[in-house]
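In: Quick one, structure for this:
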Amino acid sequence: MKLFDSSAIINVCRENKVDKLTNSCTLDLTFYELGNAVWKMAYVRKAMSIEEVVTVLDTLIEVYSRMKKLRNGNAQAAMEIALREGLTFYDASYVRAALENNLELVTDDEKLYRIASRYVKTFKSSEL
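Out: Numbering: from 1, shown residues only. The predicted structure follows:
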């Protein structure tokens, strides 16, 4: 089974290849990361209208609702990875979850991809 982070979910949706998310999972925190990514595109980058934001957010919520969610588990282990590797706590949580649940990680975040590859089998969404 594959664990998708928010960057990979967004890119899979953008490419209209949602079928790649079948039988996959993500973390419970991903919902907030997806919302923040849409906010950033609209508010910071001024790249979306309010109507586009609503459409994109609705699509992401629908996709997210169909995925299995893993609860945030061992926070101490995630923090150890974050501090050792210079990752955010969010990103280290994906690495920890993949490790603890014997999952393959899918991320389009370059830094996370590079570091996670040392711990678990890691893919970019374009490689699926």
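In: Go through stretch 118-128 and flag the buried ones.
Out: Val120, Thr122, Phe123, Ser125, Leu128 (16 or more other C-beta atoms under 10 Å). For the C-beta atoms, the positions are set from N, CA and C on the backbone; glycine is no exception.
In: which residues are in contact with the longest helix belonging to the chain?
Out: In the chain, assigned by DSSP state H, the helix with the most residues is helix 50-66. By C-beta atoms under 8 Å, 6 or more residues apart in numbering, the residues outside helix 50-66 that reach it are 9-10, 13, 18, 21, 26, 30-31, 34-35, 38-39, 41-42, 48.
In: Pick out the most distant pair among these.
Out: Leu21 and Ala42 (23.3 Å; C-beta to C-beta).
In: Compare the two (neighbour count), which wins?
Out: Neighbour tally, Leu21 and Ala42, criterion other C-beta atoms under 10 Å: the higher count belongs to Leu21, 22 against 18.
In: do you know how far the more buried one is from Leu3?
Out: 11 Å (C-beta to C-beta, to the nearest Å).
In: Tell me where the model's unsure across this structure.
Out: For the chain, not a single residue meets the criterion pLDDT under 70.
In: Would you map the strands across it?
Out: 2-4, 24-27, 68-70, 104-106, 122-123 (DSSP state E).
In: winner for burial among those strands?
Out: Each of these was scored by mean neighbour count; the highest is strand 2-4, a mean of 25, by mean count of other C-beta atoms under 10 Å.
In: So in that sheet, which strands flank that one, and in what orientation?
Out: Strand 2-4 sits in its sheet next to strand 24-27 (parallel), strand 104-106 (parallel), going by DSSP bridges.
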